[in-house]
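*Asks:* Just need the structure, nothing else, for what follows:
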Amino acid sequence: MTPNTLAHFAINADDIDASRAFYSKVFGWKFQSWGPPGFYQIEAKGSPVMGALQGRRTFADGTRAGFEPTFAVASIDATEKAVAAAGGRVLLERSVIVGVGTLMFFADPSGNVFGAMQYDAKAE
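*Replies:* Below you'll find the predicted structure:
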C-alpha cells in the first residue's frame with residue numbers, strides 16, 4: 001500500500017441485513033462474510049479501495065462510528081505522534097490483524113473517526 005492514501009473504508013450499521021440489501025440494490029455490491037460475526041467484505045468490482053460492512057462500533061469514550069475511512073501509513077508510531085501533535089486523540093489502541101498489519105483508530109479535532117493501518121503481511 002502507498003502510505004497516506006485511503007486503503008479501506010467501513011460502513012457501520014445498526015441493521016446489517018437492511019444495509020446489505022440497500023447497498024446491494026443501490027450499487028450492486030456483493031458481500032462476503034469475513035472475520036468476526038457481523039463483518040462483511042464488500043465486493044465492489046473495479047474499486048481499488050477495500051470496503052467492509054459491520055455492526056455499528058462505539059469506542060470507549062462513547063464516540064459512535066458511521067462512515068469510517070482507514071489510511072495506509074508507513075509507520076503507526078509516527079502517525080500516533082503526529083495525531084497527538086495536531087490535536088487529535090486515540091480512540092482505539094493499536095491492535096494487530098494477523099497477516100494484515102497494525103491498526104489504530106483516531107479522532108480528529110472535530111471528532112471525525114479514522115483508522116491508520118501499517119500494512120505488514122507477516123504481522124502476528
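*Asks:* So for the one helix or strand in the chain whose mean pLDDT sits lowest, what gets flagged as buried?
*Replies:* Every helix and strand in the chain was compared by mean pLDDT, DSSP states H and E; the lowest is helix 16-27, with a mean of 87. Within helix 16-27, the residues scored as buried using 16 or more other Cβ atoms under 10 Å are Ile16, Ser19, Arg20, Tyr23. (Glycine included, C-beta is placed from N, CA and C.)
*Asks:* neighbouring contacts of that helix?
*Replies:* With contacts defined as Cβ atoms under 8 Å, 6 or more residues apart in numbering, helix 16-27 is touched by Ile11, Ala13, Trp29, Lys30, Phe31, Gly38, Tyr40, Ile42, Ala44, Leu53, Gln54, Gly55.
*Asks:* now do stretch 52-69
*Replies:* The contact list for stretch 52-69 (Cβ under 8 Å, 6+ apart) reads 6, 8-14, 16, 19-20, 23, 31, 34, 38-42, 91-92, 105, 107, 111, 113-115.
*Asks:* from the residues you listed, which ones fall inside helices?
*Replies:* Counting by DSSP state H, the contacts of stretch 52-69 place Ile16, Ser19, Arg20, Tyr23 in helices.
*Asks:* State the distance from the residue sitting nearest the centre point of the chain to Val49.
*Replies:* Centroid-nearest residue in the chain, with Cα atoms, centre = their mean: Thr70, separated by 4.5 Å. Per Cβ to Cβ, to the nearest Å, Thr70 is found 9 Å from Val49.
*Asks:* ditto for Lys81
*Replies:* According to Cβ to Cβ, Lys81 and Val49 sit 26 Å apart.
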